[in-house]
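K.L.:
Sequence first, predicted model second:
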Amino acid sequence: MSSTITFKEFAIFVQMGKISDASMALSVILDLDDDVAEQATQHFVKQLSADPNFMMKLMGLRSQLEVSNNAAMMTLIECFNLNGANLILALQAAKKIVDKN
């Protein structure tokens with residue numbers, strides 16, 4: 001059994017209302033500072049509450065990472081409101097996850 005935190009755990013925490021746990025998970029997954037991960041998680045939760053199908057956008061990230069950095073960056077922006085250096089760090093961290101699997 002792997003001890004790696006994934007977007008699956010992030011999604012479960014969000015659905016359970018455990019936002020601080022989701023934020024911690026996102027910090028680990030995307031290699032973000034805690035405060036950036038907290039803001040990103042809050043953005044995600046806000047988007048999800050406005051559109052219950054929003055989770056599907058995040059679920060498409062893996063295939064986008066395999067095809068196009070630009071598409072993956074757009075998803076990271078839409079899902080987490082990331083920009084600048086944080087966006088690049090998150091993209092690199094996500095690509096490492098895909099490359100491992």
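P.N.:
Yep, that arrived.

K.L.:
quick one: pLDDT of the spatially most central residue of the chain?
P.N.:
Centroid check for the chain by Cα atoms, centre = their mean gives L26 as the closest residue, at 5.9 Å. Looking at L26, its pLDDT is 97.

K.L.:
What's the separation between it and V67?
P.N.:
Distance, L26 to V67, by Cβ to Cβ, to the nearest Å: 23 Å. Just so you know, the C-beta spots here come from the backbone N, C-alpha and C atoms, and that holds for glycine as well.

K.L.:
go on, S23?
P.N.:
Distance from S23 to V67, by Cβ to Cβ: 28 Å.

K.L.:
likewise I77?
P.N.:
With Cβ to Cβ as the criterion, I77 and V67 are 17 Å apart.

K.L.:
Compare those two (neighbour count), which wins?
P.N.:
Of the pair I77 and V67, I77 is the one with more neighbours under other Cβ atoms under 10 Å, namely 14 against 9.

K.L.:
May I see the buried residues of the helix or strand where the more buried one lies?
P.N.:
When elements are assigned from DSSP states H and E, I77 belongs to helix 69-80. Within helix 69-80, the residues that count as buried by 16 or more other Cβ atoms under 10 Å are 72-73, 75-76, 79-80.
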